[in-house]
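1. 3D model of this:
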Amino acid sequence: MALQPQLETATGKITADRALVRELDMNTVGVVSNIMGQTVALDWHLDTVDELLRNFSDINSSVETTGNFTSMERHTLFQVVARNNSLFIEMVGKMGIKDRSDTAWHLSQYEGLHEGMRKEFDLDERFRHIEFKLNLIQQNAKFFLEVMHAQKSNTLEWVIIVLISFECVLMVMDMSGWGSKLLGI
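-> Model prediction:
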């Protein structure tokens, strides 16, 4: 950031390597620090999302090879889903990545500085890139969760069939008189 008192606008001018401002006041520092904080946070979130994608890729490879989930892969899948949801909440809620700075909102002369820095640091495009990756994880996770649900439903259906069959056998044995002889009832 560089001071240039001869600037015509209070909002400053954004170049490829610096932000030029007419005066350095708390509002200017607030707008600049807000954007800088968001860009650093986006970098961290991108690294985290890339790690989640690697974890998910490992799960995909294992399922592709074996055709089944291990209990560890189920656990990892649930962790990936939870972390995916947390990242969305952090970026939109806590970081306010889609929100305008309070200073730029209340004092229109700082709007140009805020928007110029957002464009220079490509915050919207970087957010869309992370959002795309998170949505990809979410869609794949949804598929795997549906498969796991179907597998569990099939298992429960077989348990019910076995129990009903067992009950039918007991009923036939009881009606035929064999039940009291075999079971001593």
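
2. Packing partners of the lengthiest helix in the chain?
-> In the chain, taking DSSP state H as the definition, the longest helix is helix 123-176. Under the contact criterion of 3 or more Cβ pairs under 8 Å, 6 or more residues apart in numbering; DSSP states H and E, helix 123-176 touches helix 26-66, helix 71-89, helix 178-183. Quick note: C-beta positions are derived from backbone N, CA and C, even for glycine.

3. okay if I get those as JSON lines plus mean pLDDT?
-> Shown next, in JSON lines, are these (pLDDT from 0 to 100):
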{"stretch": "helix 26-66", "mean pLDDT": "88"}
{"stretch": "helix 71-89", "mean pLDDT": "85"}
{"stretch": "helix 178-183", "mean pLDDT": "74"}
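
4. Tell me which of those sits nearest to Lys142.
-> Judged by Cβ to Cβ, the one of these that comes nearest to Lys142 is helix 71-89, at 8.8 Å.

5. Any idea how many residues pack against Gly96?
-> By the measure other Cβ atoms under 10 Å, the count of residues near Gly96 is 14.

6. Determine the three-state secondary structure at it.
-> coil (DSSP: H, G, I helix; E, B strand; the rest coil).

7. which residue packs closest to it, ignoring adjacent ones?
-> Using Cβ to Cβ, 6 or more residues apart in numbering and skipping residues adjacent in sequence, the residue nearest Gly96 is Gln38, 7.8 Å away.

8. Phe143 versus the one you found, what's the distance?
-> 32 Å (Cβ to Cβ, to the nearest Å).

9. And these two? Which one has more around it.
-> Gln38 (22 against 10).

10. Touching, that one and Leu123? I think so.
-> Yes - between Gln38 and Leu123 there is a contact under Cβ atoms under 8 Å: 5.9 Å.

11. May I see the buried residues of stretch 101-121?
-> By neighbour count, with 16 or more other Cβ atoms under 10 Å as the criterion, the buried positions of stretch 101-121 are 101, 103-104, 107, 110-118, 120-121.
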